[in-house]
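# sharing a model that was predicted from the sequence below.
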Amino acid sequence: MTIDAYAQFAAVQAPIATSATLPPACYHDPDLARLERDAVFSSSWIGIGRHDQWKSPGEYSALNIAGIPLIVLRDRTGQLRVFSNTCRHRGSELLEGTGKVKTISCPFHCWTYTLDGRLMGAPHMPKDGSFDKSRYGLFEFRAAEREGFAFICLNGETEGIDAWLGDFAALHAPWSLPDLVLTRRVELEAECNWKAFLEVFNEYYHLPFVHPDSIDSIYAPPDGHDTVTGRYASQFGATEGSGGLLESAQEHILPPIPGLTGRAARGTRYTWLFPNMTFAASTEAVWVYEATPLEANRCRVVQSVCFPKSTVAQEDFERRADVYYQRMDAALAEDLPALERQQRGQESPFAVAGRYCLDLEPNVAHFGQWYAQRMKGALEQGQTATGSFRKAAAL
Ligand code: FES
Ligand SMILES: [Fe+2]
């Protein structure tokens, strides 16, 4: 598997105009999915949604990123933190779902941790000095909040969040991302590889074929892709009306994002922040998807929709926003069967890498090159899951 995959990753790294698509095995092979956990998810900044999911001290979410259980929480000082959700006694998961806690208490034998990860209580453990509680705190990783979104990184050697984002804030400044309000957050499971989900959201190519009667006519041929400095790819395209509404519902348009002017006010910017978060910055709203693997051929998807404060303050906002949610649900309902067909096709022994259409799927091509570089590098180093864990634990 790996030697073949290595050669195929090299083909993706050709000059972008002639770059091959990713090897089909990347979409279903469990060995490559395990490699991804190290080469991609354990060593990148991972987007985990709007930062105000954790408002007051003790609010937490238990996450699973590519098979790694984690706790994200806001501590007593207001700092966002991320810990391994694995007890230091005998490894139980500590927290589930979302909620609010004063301390983190293990349901198995009640080892209890403070909100900054220190072990504070361990019933019946010796008090004669032979058990040093300070050596059994939770493993902690980096968390950051930028542009109204939260990010985590499991590897201390990865560059900082600001280097990762590069000029992301400047390119998205017209949409005032930090000032938006999260109005909808929904989760779903998709029967496809996580990359395929993010790919379809980032390309114009499928619009006339998958969305012929719902949204296709809204989108004009897009601009060329932007040259950026961060770990992301972005492409703007003009729209005829709002990209946030169905063709049949354009009369329900809400006010534009305050301050949007010029060409930005007449289209949608699609951005893929590597590896797992993607944005549609539209005229009235910004909607975001995060995708992470459940299995090689199945993923968890979270959709967040954000509107400006002034729009949310309107009296009939919820009814009017619903028309936008209907557009997102309708497009998803058309994309998901296409993704399931793609997944089945990719799993054939006769599936081979293809070619990108650079005009219509440049974000996908750029992600492919970034991903291939990561995966090829990991194959060169013979990186293993154990190696990655040691690196993380050493933080
Ligand atoms: S596994 Fe957590 S206290 Fe025993
Ligand atoms: Fe689509």
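Structure received. Ligands and ions are numbered 1, 2, ... in the order given.

# Val364 in helix, strand or coil?
Using DSSP: H, G, I helix; E, B strand; the rest coil, the structure places Val364 in helix.

# can you give me the neighbour number for the closest residue to it other than its chain neighbours?
Excluding the flanking residues, the one nearest Val364 by Cβ to Cβ, 6 or more residues apart in numbering is Glu199, at 4.8 Å. Bear in mind the C-beta positions are built from the backbone N, C-alpha and C, glycine included. If you count neighbours by other Cβ atoms under 10 Å, Glu199 ends up with 27.

# same question for Ala62.
Neighbours of Ala62 using other Cβ under 10 Å come to 17.

# that older thread, show the pLDDT at the residue nearest to Val364.
pLDDT for Glu199: 98.

# what does the one 3 residues further on give?
The model reports Asn202 with a pLDDT of 98.

# could you look up the SS state of the residue nearest to Val364?
helix.

# residues from the stretch 51-200 of the chain in reach of ligand 1?
Contact residues, the stretch 51-200 of the chain versus ligand 1 (Cβ under 6 Å from any ligand atom): Cys87, His89, Arg90, Gly91, Ser92, Cys106, Phe108, His109, Cys110, Trp111.

# residue ranges for the helices of the stretch 201-350 of the chain, please.
Ranges of helices within the stretch 201-350 of the chain are 207-210, 309-312, 317-346, based on DSSP state H, counting those that start in this stretch.

# enumerate the positions of the longest one that are buried.
Neighbour-count burial for helix 317-346, counted by 16 or more other Cβ atoms under 10 Å, picks out 320-321, 323-325, 327-328, 330-332, 334-336, 338-339, 342-343, 346.

# what are the ranges of the strands in the stretch 201-350 of the chain?
Ranges of strands within the stretch 201-350 of the chain are 232-238, 267-273, 277-281, 286-295, 298-308, based on DSSP state E, counting those that start in this stretch.

# closest one to ligand 1 among the ones you listed?
strand 286-295 (24.5 Å; Cβ to the nearest ligand atom).

# I'd like the average pLDDT over the closest one.
98.

# do stretch 59-70 as well
Averaged over stretch 59-70, pLDDT sits at 97.

# show the model's pLDDT score for the residue of the chain positioned farthest from its centre.
Computed with Cα atoms, centre = their mean, the maximum C-alpha offset from the centroid of the chain is found at Asp128, amounting to 46.8 Å. As predicted, Asp128 sits at a pLDDT of 96.

# what about it, distance to ligand 1?
Between Asp128 and ligand 1 the computed distance is 20 Å (Cβ to the nearest ligand atom, to the nearest Å).

# that residue: what secondary structure?
coil.

# can you list the low-confidence ranges for the stretch 101-250 of the chain?
Nowhere does the stretch 101-250 of the chain drop to pLDDT under 70.

# how many neighbours does the residue of the stretch 151-300 of the chain found nearest ligand 1 have?
Relative to ligand 1, the nearest point of the stretch 151-300 of the chain is Leu154 (21.0 Å; Cβ to the nearest ligand atom). Leu154 has 28 neighbouring residues, counting by other Cβ under 10 Å.

# can I get the strands of the stretch 201-350 of the chain in JSON lines including mean neighbour count and distance to ligand 1?
Compiled in JSON lines, the strands of the stretch 201-350 of the chain are given as follows (neighbours: other Cβ atoms under 10 Å; distance: least, Cβ to the nearest ligand atom, whole Å):
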{"stretch": "strand 232-238", "mean neighbour count": "22", "distance to ligand 1": "39"}
{"stretch": "strand 267-273", "mean neighbour count": "24", "distance to ligand 1": "35"}
{"stretch": "strand 277-281", "mean neighbour count": "24", "distance to ligand 1": "32"}
{"stretch": "strand 286-295", "mean neighbour count": "22", "distance to ligand 1": "25"}
{"stretch": "strand 298-308", "mean neighbour count": "21", "distance to ligand 1": "25"}
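
# I'd like the ones you listed written out as a markdown table, with distance to Ile68 added.
A markdown table is the format used below for these (distance: least, Cβ to Cβ, whole Å):
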| stretch | distance to Ile68 |
| --- | --- |
| strand 232-238 | 23 |
| strand 267-273 | 20 |
| strand 277-281 | 17 |
| strand 286-295 | 10 |
| strand 298-308 | 13 |
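
# looking at those, spot the one closest to Gln381.
With distances scored as Cβ to Cβ, the stretch of these nearest to Gln381 is strand 286-295 (21.2 Å).

# how about the closest one as CSV, C-alpha atoms only?
Output of strand 286-295 as CSV, limited to C-alpha atoms (Å, rounded to 0.1, in the frame of the first residue of the first chain):
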residue,chain,number,x,y,z
VAL,A,286,-21.3,33.2,6.8
TRP,A,287,-21.7,29.5,7.1
VAL,A,288,-19.0,27.1,8.1
TYR,A,289,-18.5,23.3,8.0
GLU,A,290,-16.1,21.3,10.0
ALA,A,291,-15.5,17.7,9.0
THR,A,292,-13.5,15.0,10.9
PRO,A,293,-13.2,11.3,10.2
LEU,A,294,-15.2,8.7,12.1
GLU,A,295,-13.9,5.9,9.8
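
# please name the strands paired to that strand in the sheet, noting orientation.
Partners of strand 286-295 in the sheet, by DSSP bridges, are strand 277-281 (antiparallel), strand 298-308 (antiparallel).

# now the ones you listed as CSV including distance to Glu203 and mean pLDDT?
Compiled in CSV, the strands paired with strand 286-295 are given as follows (distance: least, Cβ to Cβ, whole Å; pLDDT from 0 to 100):
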stretch, distance to Glu203, mean pLDDT
strand 277-281, 11, 98
strand 298-308, 17, 98
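
# farthest pair within the residues of the stretch 51-200 of the chain next to ligand 1?
Greatest spacing in these, by Cβ to Cβ: Gly91 and Cys110 (14.6 Å).

# who has more neighbours, the two?
Set Gly91 next to Cys110 and count neighbours by other Cβ under 10 Å: Cys110 wins out with 13 against 10.
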